[in-house]
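Asker: Attaching a predicted model along with its sequence, questions to come.
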Amino acid sequence: MSALFPTYKRFDLSAKQASGTVVEDTEGNTYLDFGSGIGVCNLGHRHPDVQQALENQLNHYWHVSNLYHNPIQEEVADSLVQHSAGEHVFFCNSGTEANEAAIKLARKATGKHKIISFEQSFHGRTLGSMAATGQEKIHSGFGPMLETFSYVPFNDSNAVKKAVDSDTAAVMLELIQGEGGINIADLDFVRELAHICQESDVLLIVDEVQTGIGRTGKPFAYQHYGITPDIITSAKGLANGIPVGAMIAKQTLRDVLGPGSHAATFGGNPLAMAAAQAVLKHVSQDEFLQEVTEKGMYLLATLNESVGQLPVVSSVRGTGLMLGIECSQDVTPVIELLLDKGLLVLSAGPNVIRLLPPLTVSKKEMDAAVQLIREVLTDEKAYIS
Ligand SMILES: Cc1ncc(COP(=O)(O)O)c(C=O)c1O
């Protein structure tokens, strides 16, 4: 019996090696990775620039703590600030921690305690970020949740308007709900939400843990909407596989988190920073982002053409290289059959096949993936009778 807690239902694959879009298992089988380690290895596995940056940093220093200056943290923070609406950055180690920091910042800055988030949202697993998550199955067994978190229907600005009161500190939003089903926020809704927040003195936190770092063809997904969030959270793709999290906030919030108010021993670790620096060099280039947009449009169109009309498929949707194929049934058997055929994909909720290929994916790889998805979706073994 494994000595690990059984917290994950694991598919039958033990990785041995990975490079670019390809993962090889211990038995020599190869797979096209259209999950990127759940939206993490955005530049593909072991991208040479990231590897080089890590090797360089390994030869300098690995950790001296946040008691001392750390120039590489400053550089990564500058780069994040340059490509977002924020002006100050706090580094941590995961998406959950970035959201936890955002919740604490919002409460301390406003002196208010209520946080509104959305049904089907996912913000993490710590007590605060779990309470912000609008899914009962994530709360199950861990209750009661922290008080003062509430959930309103996604894309419903009237519901937000009704829920906001004088104790509301912040609204927390994913522009595309990743775990919840690749649900895309409407433009009008987001603009109205930003307006409500501004009028009510409520901070707008956008959770870009999955949507950020080029995934949707912009550095951050909120940049498709013409809004200015107060706080942005990032993680996953930021260091291409090295654990990292970041909370980016506007200038007026800077002094809320003074010395002693918040910290993370490993936050901004030099190895994670070296990797992030290499990632941001790519993701900040307009040509790179343009290619992500074009690839995303190609993949969406090819999927629509190839599987969009199948009776089991109810919708194909997405932005950039964050796509979902919604089916009329549980997609677990589909995912297992795709794995057998050499394609790694994710689910989003029970009925959606989620595709998060590396942003460096080639047209040939996308064509091969679409072909396999079609094969499986037209295979009767994929259906639960
Ligand atoms: C939108 C969003 N927020 C937060 C998290 C939590 O991030 P982590 O698992 O790095 O703590 C995730 C993870 O899937 C996520 O997709």
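Answerer: Received it, and whenever you're ready, just let me know what you need.

Asker: Strands of the stretch 201-350 of the chain, residue ranges please.
Answerer: Shown for the stretch 201-350 of the chain, the strands assigned by DSSP state E, counting those that start in this stretch span residues 203-207, 231-234, 245-249, 313-319, 322-327, 343-344, 346-348.

Asker: Next up, identify which helix or strand residue 137 is on.
Answerer: When elements are defined using DSSP states H and E, residue 137 is found to belong to helix 136-139.

Asker: which residues make contact with that helix from outside it?
Answerer: Contact with helix 136-139 is made by 122, 125, 130, 131, 133, 145, as judged by CB atoms under 8 Å, 6 or more residues apart in numbering. Just so you know, the C-beta spots here come from the backbone N, C-alpha and C atoms, and that holds for glycine as well.

Asker: could you flag which of those residues are buried?
Answerer: The neighbour-count test (16 or more other CB atoms under 10 Å) applied to the contacts of helix 136-139 identifies 122, 130, 131, 133, 145 as buried.

Asker: Out of those, which sit inside helices?
Answerer: Secondary structure assignment by DSSP state H places 130, 131 of the buried ones among the contacts of helix 136-139 in helices.

Asker: Now the two most distant members of the buried ones among the contacts of helix 136-139.
Answerer: 122 and 145 (14.4 Å; CB to CB).

Asker: The ligand: which of the strands of the stretch 201-350 of the chain is closest?
Answerer: Ranking those by their distance to the ligand (criterion: CB to the nearest ligand atom) puts strand 203-207 first, at 4.6 Å.

Asker: before we move on, back to that, let me see the mean pLDDT of the helix or strand just after the helix holding residue 137.
Answerer: Note on helix 136-139: by DSSP H and E, the next helix or strand toward the C-terminus is strand 149-152. Model confidence over strand 149-152 averages 98 on the pLDDT scale.

Asker: for stretch 320-328, same thing?
Answerer: Per-residue pLDDT values over stretch 320-328 give a mean of 98.

Asker: Mind listing what's buried along that stretch?
Answerer: Residues 320, 321, 322, 323, 324, 325, 326, 327 are the ones in stretch 320-328 that count as buried (16+ other CB under 10 Å).

Asker: Could you do stretch 185-195 as well?
Answerer: Buried residues in stretch 185-195, counted by 16+ other CB under 10 Å: 185, 189, 190, 192, 193, 194.

Asker: what about the helix holding residue 137 and the ligand, touching?
Answerer: No: against the ligand, helix 136-139 shows no contacts by CB under 6 Å from any ligand atom, the least distance being 10.7 Å.

Asker: Could you check how far that helix is from the centre of its chain?
Answerer: Offset of helix 136-139 from its chain centre (CA atoms, centre = their mean, to the nearest Å): 19 Å.

Asker: list the buried ones in it?
Answerer: For helix 136-139, a neighbour-count test (16+ other CB under 10 Å) marks residue 138 as buried.

Asker: Now do it, average pLDDT.
Answerer: 97.

Asker: which residue ranges form the helices in this protein?
Answerer: Using DSSP H, the helices of the chain run over residues 36-39, 48-58, 71-82, 95-110, 127-132, 136-139, 157-163, 187-200, 270-283, 286-307, 332-340, 363-377.

Asker: could you give the angle of the second one to helix 270-283?
Answerer: Pointing back at helix 48-58 there. Using axes from the mean of the first three to the mean of the last three CA atoms, to 10 degrees, the inter-axis angle of helix 48-58 relative to helix 270-283 is 150 degrees.

Asker: Between helix 71-82 and helix 48-58, find me the angle.
Answerer: In this structure, helix 48-58 runs at an angle of 140 degrees to helix 71-82, with the same axes, to 10 degrees as the basis.

Asker: What are the buried residues along helix 48-58?
Answerer: If you call a residue buried by 16+ other CB under 10 Å, then helix 48-58 has these buried ones: 50, 53, 54, 57.

Asker: what's the closest of those residues to the ligand?
Answerer: residue 50 (17.9 Å).

Asker: quick one: contacts for the closest one?
Answerer: Applying CB under 8 Å, 6+ apart, the residues contacting residue 50 are 43, 239, 240, 241, 275, 278, 279.

Asker: Not counting sequence-adjacent ones, nearest residue to the fifth one?
Answerer: The one in question is residue 275. residue 239 (3.9 Å; CB to CB, 6 or more residues apart in numbering).
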